[in-house]
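Visitor: After the sequence you'll find the predicted model.
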Amino acid sequence: MLRAAGACVTGPGHLRLGERCQDALSLRGWRGGWIAAVADGLGSRAQSARGARAAVEAAQAVARNWQRSGEWRDLPARQVATDIYRRWLQALPWRDKSIAATTLLIAVCDAHGYARIWQMGDGLVVSLVNGRAAVLTPARGGFGNETRALGTDTSWSAWTAQDIVLSCRGDAILLMTDGISDDVPSEMVEGFAAVVRRELRKRSRRAGRKWLYRELTQWATPRHTDDKTLAAIYLD
């Protein structure tokens, strides 16, 4: 059975300033599977929190409009990204959309474990399939702190997309914003993902969400400040 859990917490930096969380999470059931979307509004943009919320809602809306058949698996990845981007643009009232710039990570997984993944910008997508972990996010390019995001990038090259299949018990997909991934050294990503999957599998969805919320709130990295969001889809 496919299960899923996710949590989104406001980072200490925003709590101290009395500011709202600039991450967003949407995790909803879909035809026996799940649609997970996480977004991280760029901190330097005035409306990034609204941009992040609009992004995860746009992803959900586009996926839910797909026909009730296996045809969704064959939709061109570029067209799906374009549809999401357009819906995001339409949801924002400002002429200058860059004030709401945000990253976006999406995983759509049907009841058979077939999953399609899209990513724009920072954050990390990790798969655990057949006992092997893989980072699906490509190495970051560009210069310094440059972040690719809805609102600042319009080219298809800013996206990554791939398909995987969850077929064995314990197979999983994890999406996380950089408030988490920046604190997990590359050599520890596999272990981190495996622990999250193990702890979630031991619990009900509600209890898993509470556990995840507590872990993200009591984050172990000293002096961490950023918002943190993680969504997991896993086969149990």
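Guide: Everything's here; your move.
Visitor: Pretty sure residue 189 sits against residue 137.
Guide: No. Shown here, residue 189 and residue 137 do not form a contact pair, counting by Cβ atoms under 8 Å, at 9.9 Å. Where you see a C-beta, it was placed from the backbone N, CA and C, and this is true even at glycine.
Visitor: any shared contact partners between those two?
Guide: Each of residue 124 lies in contact with both residue 189 and residue 137 under the rule Cβ atoms under 8 Å, 6 or more residues apart in numbering.
Visitor: Let me see the backbone angles for residue 6.
Guide: phi -160, psi 160 (degrees, to the nearest 10).
Visitor: Next one, pLDDT for it please.
Guide: What the model reports as pLDDT for residue 6 is 97.
Visitor: repeat for residue 144
Guide: 54.
Visitor: Any idea how many residues pack against residue 205?
Guide: 13 (other Cβ atoms under 10 Å).
Visitor: Now tell me what touches the longest helix anywhere in the chain from outside.
Guide: Longest helix in the chain, counting residues (DSSP state H): helix 48-64. Helix 48-64 is contacted by residues 20-26, 28, 30, 35, 37-42, 45, 72, 80, 83-85, 87-88, 91-92, 97, 99-104, 106, 108, 118, 150-151 when judged by Cβ under 8 Å, 6+ apart.
Visitor: switch the cut-off to 7 Å
Guide: With Cβ atoms under 7 Å, 6 or more residues apart in numbering as the test, helix 48-64 has contacts from 20-26, 28, 30, 35, 37-42, 45, 80, 83-84, 87-88, 91-92, 100-102, 104, 106, 108, 150-151.
Visitor: and the residues you listed, which are buried?
Guide: Among those, the ones that count as buried by 16 or more other Cβ atoms under 10 Å are 21-26, 30, 35, 37-42, 45, 80, 83-84, 87-88, 91-92, 100-102, 104, 106, 108, 150-151.
Visitor: Please, where are all the strands along this structure?
Guide: 2-9, 23-30, 33-40, 104-109, 114-120, 124-129, 132-135, 159-165, 172-176, 228-235 (DSSP state E).
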